[in-house]
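Novice: give me a 3D structure for the following:
(one chain, ligands or ions: 1)
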Amino acid sequence: MNISIIGTGYVGLVTGTCFAETGNDVICVDIDEKKVEKMKAGVVPIFEPGLEVLFERNTKNGRLKFTTDLASSVKASQIIFLALPTPPGEDGAADLSYVLGVADQLSRIITKYTVIVDKSTVPVGTAEKVHALLAQNLDEDLFDVVSNPEFLREGVAVPDFMKPDRVVIGTSSAKAQK
Ligand SMILES: NC(=O)c1ccc[n+]([C@@H]2O[C@H](COP(=O)([O-])OP(=O)(O)OC[C@H]3O[C@@H](n4cnc5c(N)ncnc54)[C@H](O)[C@@H]3O)[C@@H](O)[C@H]2O)c1
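Specialist: Numbering: from 1, shown residues only. Next comes the predicted model:
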């Protein structure tokens with residue numbers, strides 16, 4: 001499948017690299033131009049056992065690419081994973097501004113049916129908020145929002161992703177589930 005990962009940090013890079021390793025065509029998007037340039041030059045920005053060899057293999061065979069261009073990667077993708085930061089605020093609540101900001105951008109870019117998957121750690125009800133934002137500018141037949149929270153642990157992120165002890169997928173759409 002053609003997949004975009006929005007936010008190429010710890011979770012996004014591991015997710016994107018492992019999806020490329022399992023045969024998908026992946027574009028990792030980030031707003032950090034320096035980080036994207038480094039990854040394009042073959043530099044893995046984090047240390048995670050087992051990641052570098054997968055990164056190298058999949059960048060060389062063309063299944064793993066990096067960009068700052070959100071629109072072109074979204075247009076080329078069937079599934080979009082949001083792996084954006086959700087830092088806790090002073091009251092401990094997750095800051096959803098990154099996730100909701102990108103959802104708003106997506107609502108102006110998507111032109112064909114696309115599954116938007118939230119991998120960030122977010123409170124219950126976030127999928128409805130993302131859905132509502134997308135629906136402001138998009139026909140509801142053109143998208144579904146799915147929850148797929150990430151449980152990987154730093155230090156064993158690659159094996160946690162490749163052989164997870166659980167995968168949680170939340171959706172009310174049979175089409176998106178398929
Ligand atoms: N790191 C972990 O061990 C871990 C494990 C499970 C879940 N999570 C959750 O996963 C989510 C991501 O965490 P992380 O550790 O990968 O964060 P991170 O800070 O390592 O990476 C986030 C990336 O998103 C990019 N970004 C920010 N705004 C953007 C935008 N508008 N468009 C594109 N890219 C943008 C940043 O430049 C950064 O590279 C968080 O919700 C976190 O709680 C993290």
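Novice: quick one: the closest residue to the ligand within the chain and Gln136, what's the gap?
Specialist: Nearest residue of the chain to the ligand: Gly9, at 1.6 Å (Cβ to the nearest ligand atom). C-beta here means a position set from N, CA and C on the backbone, and glycine is covered the same way. For Gly9, the distance to Gln136 (Cβ to Cβ, to the nearest Å) stands at 27 Å.
Novice: ok, the residue of the chain closest to the ligand - contacts?
Specialist: If a contact means Cβ atoms under 8 Å, 6 or more residues apart in numbering, then Gly9 has 30, 46, 83, 85 as its contacts.
Novice: can you tell me which of these has the most neighbours?
Specialist: Ala83 (25 neighbours; other Cβ atoms under 10 Å).
Novice: which non-adjacent residue is nearest that one?
Specialist: Leaving aside its chain neighbours, Ala83 sits nearest to Gly12 (3.4 Å; criterion: Cβ to Cβ, 6 or more residues apart in numbering).
Novice: now do the SS call for Val117.
Specialist: Assigned by DSSP: H, G, I helix; E, B strand; the rest coil, the conformation of Val117 is strand.
Novice: show me what it bridges to in the sheet.
Specialist: Beta-bridge pairing for Val117 (DSSP bridges): Phe81, Val146.
Novice: didn't it look like it was pressed against Gln78?
Specialist: No. At 10.9 Å, Val117 does not count as touching Gln78 under the criterion of Cβ atoms under 8 Å.
Novice: mind checking which of the two has more residues around it?
Specialist: Neighbour count, other Cβ under 10 Å: between Val117 and Gln78, Val117 has more, with 24 against 14.
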